[in-house]
Every structure is written in structure tokens, then in C-alpha cells.
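Trainee: Here is the input, now give the coordinates:
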Amino acid sequence: MKVFFKTLLLLTIFIPYQGIAQQINDGKWKGTIHYQTVEVPFNFNFENVTDSSAIVIIKNAEEQIRIENVVIKEDSLFIPMYVFDAVIKAVYKDGKMTGEWHKNYRKSKGPLFTAEFNQPRFSSALPKSNVSIENTWNITLTQPDGQTSISVGLFSQNKNKVRGSLLTETGDFRFFEGVIYGDSIRLSSFDGVHGFLMLGSYQNNTWSGVFHYENDYSEKWAATYDAEAKLTEPFSLITVKPNTHKSYYDILSAGGDYNAIDRDKLEGKVVIIQLMGTWCPNSLDQSKYLAQWYKKQNHEELALIAVTYEPGDKFYAQQRIESYTTQLNITYPMYIGGSLSKAQAALAFPNMTKINAFPTLVMIDRQGYIRFIDSYFNGPATGAYYQEFDKNFNERVEILLRE
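Mentor: Down below sits the predicted model:
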């Protein structure tokens with residue numbers, strides 16, 4: 001027994017722990033977020049796996065989210081959700097991963113996460129379909145209390161593969177991917193902070209089903225084909241008469257240091273204010289757009305500032321700003337506006353009782369008056385609508401610069 005113990009001790013000392021890096025396969029994995037009643041599947045790739053790190057690429061249709069700071073420690077993985085304050089924590093065993101998807105700003109435990117190697121997002125053994133969801137659809141979303149809202153569905157279909165997005169007057173739902181089979185459809189999206197599942201069936205020229213937003217919340221949806229379906233243009237939801245309203249910059253940055261915005265530096269410039277949140281995927285899409293756009297501008301004539309509203313105190317918000325601006329290489333200033341509230345975000349603007357959505361853009365002329373408001377954002381997943389935003393936004397900037 002003593003000899004055996006000494007041998008075991010020597011093996012423990014001289015044979016280092018190999019870690020899970022020797023077992024994790026590079027390549028395609030299927031992840032699953034387990035809600036109470038449904039499962040949200042998505043695909044991701046592992047690349048460059050070492051004993052302590054790896055690269056993960058989350059895939060949703062055309063979107064690829066590259067996460068480079070994955071941590072591997074013994075049999076555990078920690079996958080931060082890109083710029084969002086969320087993480088997947090999992091244990092690797094017997095070729096599978098089991099753990100939790102957790103948003104750090106929430107006290108409650110997150111839903112179960114599992115993953116297995118080389119599996120499709122949805123089963124490839126589903127029956128063929130003779131119905132279609134290609135093109136544009138007018139969609140009604142119905143909340144549990146009966147309230148409804150209108151959405152536009154944009155879908156492309158290649159045999160049984162479907163991609164698409166939903167547009168609403170609070171922003172788009174970004175990139176969906178899924179399958180159509182028989183008279184049914186399944187679409188999912190996972191971007192690190194949202195896990196969406198859209199289930200539906202086709203009957204009497206109408207699609208209908210259930211849209212699962214998170215663990216304990218879902219809405220019914222119904223869609224009718226309408227090639228001309230559209231929403232109110234985002235610059236038209238809130239209009240402002242020229243020379244009537246100025247923003248209150250002291251209120252705008254009240255969530256951090258008092259009067260943090262230096263109004264003297266904005267004097268005589270066209271000012272673009274982004275109201276956003278670091279927790280918001282639509283804000284992320286718009287921030288990426290603005291970061292690239294700002295690099296091409298004449299900063300003597302134009303100023304861009306972002307104001308963020310976060311689910312925590314000002315110390316938490318400051319940490320989020322530092323992480324967000326560093327990861328996205330944002331060179332314009334970002335300020336703390338306050339807590340996560342649409343009403344709070346509107347306090348600095350006398351013409352608004354609340355903002356419609358995060359993000360919102362407020363455009364101010366050289367005299368300091370509010371001139372244009374972009375009330376919601378159509379991001380890259382919306383195709384032509386994204387290009388339309390780019391055109392309308394730049395046209396309005398040029399109008400203000402010429403004055």
C-alpha cells in the first residue's frame with residue numbers, strides 16, 4: 001500500500017494535467033439554451049484551442065460574432081459574450097458541454113446551456129415542405145395581456161433553409177436562421193444577450209405561432225403576405241419644429257459626474273447624440289456603424305457623443321463604458337445618462353416624454369436646437385432598410401452642416 005501511494009504521488013507530480021484542450025474538437029458545435037418549455041439552438045465554432053484559451057465564433061445566418069478571450073481552466077470553460085456583460089460557464093465532460101448562460105447584471109440564475117460537437121442547428125431529417133415564407137410579411141405580435149404591435153418580416157428561403165429578420169418600431173430582431181418543413185417553421189437567433197425562438201405553422205395563407213423571447217416570456221405572432229408591408233419611417237415618428245427646443249446637457253450626463261459634457265466644445269457644431277445601452281444588440285449595431293462613420297468626419301464642424309443607460313449604479317456603468325469603447329475602438333466620448341429607463345433618457349429633451357427605443361439618435365443644429373430624431377434603428381440584418389437609414393442619416397447631417 002505504501003509503495004502504491006508513493007507511485008501515485010510521483011505520477012501526480014510528474015504527469016501534468018492535460019486539460020480539456022486536448023479533447024475539444026476544433027470546428028462546428030451546436031449550443032442549446034434550455035428555457036422552461038422550449039430549447040433555443042445555435043451554432044458556433046471552436047478555433048485555436050490551447051490549454052488555457054480558445055476562439056469562439058457564434059453564427060447566425062450572415063452574422064459571425066468572434067470572441068477571442070475565451071478562458072479554459074482544467075475542465076471548465078468561460079465564454080464571455082463579446083461586448084455584453086454576460087457569460088457562458090460550462091464544464092466539458094465526455095465530449096459534451098453543460099453549464100449556464102448568465103447575464104452578470106441579473107441576480108437570478110441563468111438558463112441551462114449544453115453543447116455537442118458537429119450537430120446541425122435543427123435536425124436535417126425533417127420532412128420536405130411545399131409552402132413558402134419567402135419575401136415580406138405583415139406580422140402582428142400579441143402580448144400575453146392582449147396588446148398588439150405591428151412588425152415586418154423579411155425572409156429568404158433556399159429549399160428547406162430559411163433566413164430572416166423582424167423589423168419593429170423599436171428596432172429589428174437581427175439575424176434569424178432555421179428550417180421550414182411540412183407546414184411548419186423553426187427559426188432561432190443567439191447573439192450572447194438574446195436567445196430567440198420563432199415557431200409557426202402555415203394554414204389558410206397565414207403563418208402563425210409563438211415567439212419565445214426568454215425563459216419565461218413569449219408572444220403569439222400571425223403573418224400575412226404583403227410585399228409592400230412597411231413601418232413608419234424612423235425619422236418620422238417624432239418631428240420637431242426648427243428653433244423651438246434645445247437639449248439640457250446637464251441632465252443628459254447626470255448619471256455620472258455633474259455637467260460632464262462640456263457644452264463650450266459643442267458650440268457652433270452640428271451635434272449627434274446617441275441614446276443607447278451597452279446591453280442592447282441594436283445599440284451595438286448602431287455603435288459599430290457610428291464608430292466607422294465618425295472616423296471619416298470633419299470634427300471641427302461636427303461632434304458625436306453617446307449617452308448610455310445601464311441596469312446598475314454609476315460605477316457599474318463606468319466599467320461598462322470602458323470595456324465597450326475599448327472593444328469597439330470607439331473614439332468619440334460616451335457618458336453615463338442614468339438607469340435603464342426610456343423616460344429617464346427623454347428627460348434632457350423637452351419635446352419628448354419618453355424615447356421610443358434604444359438606440360435613438362438626436363440631431364442638433366449649429367444653434368443648439370433639436371432638428372431631427374431617429375426613433376429606432378434598422379441594422380445590418382434588414383438589408384435595404386439599413387441602407388435607407390445610412391442615406392437618410394447622412395442627408396440630414398449634410399442639411400445641418402450647410403446651414
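
Trainee: Can you give me the buried ones in stretch 297-308?
Mentor: Buried residues in stretch 297-308, counted by 16 or more other CB atoms under 10 Å: Q297, L302, A303, L304, I305, A306, V307, T308. (C-beta placed from N, C-alpha, C; glycine too.)

Trainee: List the contacts of stretch 47-62.
Mentor: Residues outside stretch 47-62 that contact it (CB atoms under 8 Å, 6 or more residues apart in numbering) are 18-19, 21, 24, 26, 42-46, 64-73, 77, 79, 163-164, 174-177, 189-192, 381.

Trainee: quick one: that stretch to chain centroid distance?
Mentor: Mean C-alpha position of stretch 47-62 versus that of the full chain (CA atoms, centre = their mean, to the nearest Å) differs by 19 Å.

Trainee: avg pLDDT for that stretch?
Mentor: Averaging pLDDT along stretch 47-62 yields 94.

Trainee: and if you look at stretch 314-323?
Mentor: Average pLDDT, stretch 314-323: 95.

Trainee: returning to that earlier point: which of the contacts of stretch 47-62 fall in helices?
Mentor: Taking DSSP state H, every one of the contacts of stretch 47-62 sits outside helices.

Trainee: Looking at the residues you listed, which are in strands?
Mentor: Counted as lying in strands by DSSP state E, out of the contacts of stretch 47-62, are 42-46, 64-73, 77, 79, 163-164, 176-177, 189-190.

Trainee: Doesn't A227 belong to a strand?
Mentor: No. Per DSSP: H, G, I helix; E, B strand; the rest coil, A227 lies outside any strand segment and is coil.

Trainee: So which residues of the stretch 101-250 of the chain form strands?
Mentor: Remark: strands assigned in the stretch 101-250 of the chain by DSSP state E, counting those that start in this stretch are 112-117, 135-142, 148-158, 161-168, 171-172, 176-181, 184-190, 195-203, 206-214, 217-225.

Trainee: Could I get those in TSV, plus columns for mean pLDDT?
Mentor: Shown next, in TSV, are the strands of the stretch 101-250 of the chain (pLDDT from 0 to 100):
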stretch	mean pLDDT
strand 112-117	97
strand 135-142	98
strand 148-158	97
strand 161-168	98
strand 171-172	98
strand 176-181	97
strand 184-190	98
strand 195-203	98
strand 206-214	97
strand 217-225	98
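
Trainee: got the domain boundaries for this structure?
Mentor: Annotated domains of the chain cover 14-117, 135-225, 249-402 [automatic domain parsing].

Trainee: With distance to S123 added, can I get these in TSV?
Mentor: Below are the domains of the chain laid out as TSV (distance: least, CB to CB, whole Å):
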stretch	distance to S123
domain 14-117	10
domain 135-225	8
domain 249-402	25
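
Trainee: picking up where we left off before, Provide a ChimeraX selection command restricted to the buried entries of the contacts of stretch 47-62.
Mentor: If you want just the buried ones from the contacts of stretch 47-62 in ChimeraX, going by 16+ other CB under 10 Å, the selection is:
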select :19,24,42,43,44,45,46,65,67,70,72,77,79,163,164,174,175,176,177,189,190,191,192,381
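
Trainee: before we move on, the earlier item: between the domains of the chain, which one is closest to I238.
Mentor: Distance to I238, taken as CB to CB, is lowest for domain 249-402 among those, at 4.5 Å.

Trainee: hang on, the earlier thing: among the strands of the stretch 101-250 of the chain, which is nearest G337?
Mentor: Comparing the strands of the stretch 101-250 of the chain against G337 with CB to CB, the closest turns out to be strand 171-172 (18.0 Å).

Trainee: Redo the strands of the stretch 101-250 of the chain as CSV? Include distance to K269.
Mentor: Compiled in CSV, these are given as follows (distance: least, CB to CB, whole Å):
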stretch, distance to K269
strand 112-117, 47
strand 135-142, 40
strand 148-158, 36
strand 161-168, 32
strand 171-172, 28
strand 176-181, 40
strand 184-190, 38
strand 195-203, 39
strand 206-214, 40
strand 217-225, 42
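
Trainee: Just the buried positions in stretch 380-398, please.
Mentor: Buried positions in stretch 380-398, judged by neighbour count with 16+ other CB under 10 Å: P380, A381, T382, Y385, Y386, F389, N392, F393, R396, V397.

Trainee: Let me fix that, I meant to ask about stretch 178-188.
Mentor: G178, V179, I180, Y181, S184, I185, R186, L187, S188.

Trainee: can you pull the contacts of the first one?
Mentor: Residues in contact with G178, defined by CB under 8 Å, 6+ apart, are R121, F122, K161, V162, R163, I185, R186, L187, S188, M198.

Trainee: Pull the contacting residues for T278.
Mentor: With CB under 8 Å, 6+ apart, T278 has these contacts: V83, F84, D85, T308, E310, R320, I321, S323, Y324.

Trainee: Tell me if it really is in a helix.
Mentor: No. Counting by three-state DSSP, T278 is not part of a helix but coil.

Trainee: ok, so what distance separates it from I305?
Mentor: 15 Å (CB to CB, to the nearest Å).

Trainee: Nearest residue to the middle of the chain?
Mentor: P281 (2.0 Å; CA atoms, centre = their mean).

Trainee: Let me see the contact set for it.
Mentor: For P281, the contact set (CB under 8 Å, 6+ apart) comprises R174, D191, V193, H194.
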